[in-house]
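Trainee: The following block contains a protein sequence and its predicted model.
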Amino acid sequence: MSDTAAATSAPTSAAVAAARPLEDGFVPYPADVAARYRTGGAWTERSIAEAFHTVAASRPDHPAIVSEGVMLTFAELDLRTDRFAAGALALGLRPGDPVLLQVHNSALAVVTWYGLLKAGLVPVCTLALHRRHEIGEISRRTRAVAHLVDATPVRAGRGFDLVAFACKERDGHPSVRHVLTIGAGKREGTTPVENLGADIPADEARRAVEAVQADVRDDSIAVFQLSGGTTGVPKVIPRLQAEYWYNARLYAGRLGWDGSERVGYVGPVMHNAGIICGVHGPHTVGATAVLGTPDLTGITPLLVEQEATDIVLGPFAYDVATDPGLAQATALKRVVLSGKKIPAEAFDTLEARGVWSGQLFGMGEGLCITTPLDAPREVRATTIGVPLSPFDEIKVLDPGTENPTPPGQPGELCGLGPYTLRGYYDADDHNANAFTSDGFYRTGDLVAYRVIDGMGCYSVEGRIKDLINRGGEKINAEEVENLLVAHPDITDAAVVAMPDGRLGERAAAFLVGRRRLDITEIQAHLDGLGVSKYKWPERLEWLDEMPRASQVGKTDKKRLRAIVAETPRIDRP
Ligand code: AMP
């Protein structure tokens, strides 16, 4: 189906699906609460696009983004994104249309991001790693209208053709009409966007953006992020204009940034952490975002060459902290470690080099807890610190109850505040259990409240949600178990986290079946269902019977976790 054919066809199921308003399925902040956040100085910006434009206009010649040898100043990024927005609107995309993003880290990815926001379009932050299983579900739930894929050969290079994939996904899809591409050249039925709107005069592009932004409200949905840790298929998190920028402004403020920083980021940029810590965070204060890729050997050289002052390291990159080469990164002032408990060696080595080290607990759902600049060393080494906003409210509850646990005792971290979601998108059933009766979001993480050197702070003690944290990418155990038992020869499956020196955790599957499939057959089965590779179990154990923890038949995952932890092993095909 070509774009033209789609555009000229009479009312179709696509047009009907896309016509459903974005607000359908959205849980807003209560009006009185939103008013409090506005008057209290939290929600000060009306839109991300205009907030960025204001910063850009204040320091036009300063570098805004550096990535893979490309540097754009704030003026250049502002103009390119105005033009991108005007070009996107000229394609027939309309404000409020969700656009699936599968892009890699690059300056162009950031152009795309702000360009979409300036056009009032809603980026849907899927991963380049996602495949049919994930994209099919997310695109239908968000009623995405376009699918933007990055096919730059050097990055895509894993033999997977994202453009062909996106075109195939669009066929028969209820709402996706456009396949937009980066780095693919002109392919039939697709629209390359590297130079989108490049020939539109600057003032005309700005007027087009201003016309769209005039109708954007501070509590409109700006972005859809994906949840890392819920049951079943990934849940969609609506992030709103004012609160999303506020979240990033708070993060920059917590680290004392003033605009002179060069902030490195190497995880997937479209992750919530990528946007908050790697793009919006620096841009709220006019600092430079330095984007690299999650290639362990490339991180230290990036920091050295780009004279980065700051970086966030996810669990997959904690080894960088002890890399002797890091001594050459003389501009480096602060390292934030995030995603799992930090090894003492990483923390001590950085501090011994005179690099301030701290921790960040963050989640796509909003709530961020980080260690303040002036926090005592023990707070930074052993805890995640304190919430970002003075409006954040935290409860630590006995799991499954609404009873607070005493200080020092682990309980479920629950949060309510000006940048934490009020409901997953289009997920009423799930929302019924995801919040306390007074609206606190249940994170599924276990923390304890502690007071160290007079500072009240939180330490991570584990989690109750059933997921595997593979180098920062979350794998939902139940989702993979359901996919495994879809195989005719598998009758029961339990997926658990196996400790791993490099990634923190990997997925191991315990299986009961009619015959013992090997890892190649399991992978072929999951591949056939269109499941992203990072979710494929990396170790198999066949059992005659699944161990049960109770009379009601719940699988004894504690026992299974103990087995894989005792003898970690990766099964190679
Ligand atoms: P995501 O939404 O993908 O960013 O994942 C958020 C989840 O990552 C949290 O709910 C935690 O389970 C985990 N996480 C994030 N930061 C930390 C941290 N500093 N320590 C331990 N777990 C973390």
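Mentor: Yes, it's here.

Trainee: Please go through this protein and pick out the longest helix.
Mentor: Counting residues, the longest helix found in the chain (DSSP state H) is helix 74-90.

Trainee: Okay, buried residues for that helix please.
Mentor: Using 16 or more other Cβ atoms under 10 Å as the test for burial, helix 74-90 gives 74, 76-89. In short, each C-beta sits where N, CA and C put it, glycine included.

Trainee: need the contact list for the residue of the chain found nearest the ligand.
Mentor: Relative to the ligand, the nearest point of the chain is Gly228 (2.7 Å; Cβ to the nearest ligand atom). Counting by Cβ atoms under 8 Å, 6 or more residues apart in numbering, Gly228 touches Met363, Gly364, Leu467, Asn469, Glu473, Lys474.

Trainee: Can you point out the helix or strand that includes Tyr37?
Mentor: Per DSSP states H and E: Tyr37 is located in helix 31-39.

Trainee: Once you drop chain neighbours, what's closest to Ile519?
Mentor: Residue nearest to Ile519 in three dimensions, not counting chain neighbours: Asp571, with 4.5 Å by Cβ to Cβ, 6 or more residues apart in numbering.

Trainee: How about Ser437?
Mentor: In this structure, Ser437 finds its nearest non-sequential neighbour in Glu402, 6.6 Å apart by Cβ to Cβ, 6+ apart.

Trainee: The one you found touches Thr436, doesn't it?
Mentor: Yes: using Cβ atoms under 8 Å, Glu402 is in contact with Thr436, at 5.6 Å.

Trainee: Those two: who's more crowded?
Mentor: Thr436 (15 against 12; other Cβ atoms under 10 Å).

Trainee: how about the strands in the stretch 301-450 of the chain?
Mentor: In the stretch 301-450 of the chain, the segments counted as strands under DSSP state E, counting those that start in this stretch are 310-313, 334-338, 356-363, 366-370, 386-387, 393-397, 411-416, 441-452.

Trainee: returning to that earlier point: which ones are touching the residue nearest to Ile519?
Mentor: By Cβ under 8 Å, 6+ apart, Asp571 lies in contact with Ile519, Glu538, Arg539, Leu540.

Trainee: same check, this time on Ala208
Mentor: Ala208 makes contact with Asp82, Ala85, Ala86, Leu89, Ile200, according to Cβ under 8 Å, 6+ apart.

Trainee: What helix or strand is it located in?
Mentor: Per DSSP H and E, Ala208 falls inside helix 202-213.

Trainee: buried ones in that helix?
Mentor: Neighbour-count burial for helix 202-213 flags Ala205, Arg206, Ala208, Val209, Val212, Gln213 (criterion: 16+ other Cβ under 10 Å).

Trainee: Stretch 53-66 now?
Mentor: His53, Val55, Ala56, Arg59, His62, Pro63, Ala64, Ile65, Val66.

Trainee: Not counting its neighbours along the chain, what's nearest Ala202?
Mentor: Nearest one to Ala202, counting by Cβ to Cβ, 6+ apart, is Leu79 at 5.8 Å.

Trainee: ok, back up a step: can you say which two of the buried residues of stretch 53-66 are spatially most distant?
Mentor: The distance between the two most remote of the buried residues of stretch 53-66 (Cβ to Cβ) is 20.2 Å, for His53 and Val66.

Trainee: part of a strand, is the residue nearest to Ile519?
Mentor: No: counting by DSSP: H, G, I helix; E, B strand; the rest coil, one finds Asp571 to be coil, located in no strand.

Trainee: I'd like to know which of the contacts of Gly228 is nearest to Ala144.
Mentor: Gly364 (17.5 Å).

Trainee: Surely the closest one touches Val223?
Mentor: No: if you go by Cβ under 8 Å, Gly364 and Val223 don't touch, sitting 10.0 Å apart.

Trainee: quick one on the thing from earlier: ok now the helix holding Ala208, how far from the chain's centre?
Mentor: Mean-position distance between helix 202-213 and its chain equals 29 Å (Cα atoms, centre = their mean, to the nearest Å).

Trainee: Check stretch 519-530 too.
Mentor: Taking Cα atoms, centre = their mean, the mean C-alpha location of stretch 519-530 is offset from the chain mean by 26 Å.

Trainee: Where does Val290 sit: helix, strand or coil?
Mentor: Applying three-state DSSP: Val290 is strand.

Trainee: my bad, Ala144
Mentor: Recorded secondary structure, Ala144: coil (three-state DSSP).

Trainee: hang on, it packs against His178?
Mentor: No: Ala144 lies out of contact with His178 (Cβ under 8 Å); the separation is 9.7 Å.

Trainee: ok so, going back, redo the strands of the stretch 301-450 of the chain as CSV? Include mean neighbour count, mean pLDDT and distance to Ala327.
Mentor: Supplementary listing: the strands of the stretch 301-450 of the chain in CSV, determined by neighbours: other Cβ atoms under 10 Å; pLDDT from 0 to 100; distance: least, Cβ to Cβ, whole Å:
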stretch, mean neighbour count, mean pLDDT, distance to Ala327
strand 310-313, 27, 96, 15
strand 334-338, 24, 96, 13
strand 356-363, 23, 97, 15
strand 366-370, 26, 98, 26
strand 386-387, 20, 98, 31
strand 393-397, 18, 98, 38
strand 411-416, 23, 98, 37
strand 441-452, 20, 97, 30
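
Trainee: Rebuild these as CSV, extending it with distance to the ligand.
Mentor: Output for the strands of the stretch 301-450 of the chain, formatted as CSV (distance: least, Cβ to the nearest ligand atom, whole Å):
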stretch, distance to the ligand
strand 310-313, 11
strand 334-338, 5
strand 356-363, 4
strand 366-370, 8
strand 386-387, 13
strand 393-397, 14
strand 411-416, 8
strand 441-452, 5
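
Trainee: now stretch 200-212, how far from the centre of its chain.
Mentor: Computed by Cα atoms, centre = their mean, the chain-centroid distance of stretch 200-212 equals 30 Å.

Trainee: try stretch 224-240
Mentor: Taking Cα atoms, centre = their mean, one finds the center of stretch 224-240 at 9 Å from the center of the full chain.

Trainee: Stretch 86-103 now?
Mentor: 20 Å.

Trainee: could I get the strands of the stretch 301-450 of the chain as CSV with distance to Ser532?
Mentor: Shown next, in CSV, are the strands of the stretch 301-450 of the chain (distance: least, Cβ to Cβ, whole Å):
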stretch, distance to Ser532
strand 310-313, 23
strand 334-338, 22
strand 356-363, 20
strand 366-370, 24
strand 386-387, 32
strand 393-397, 33
strand 411-416, 27
strand 441-452, 21
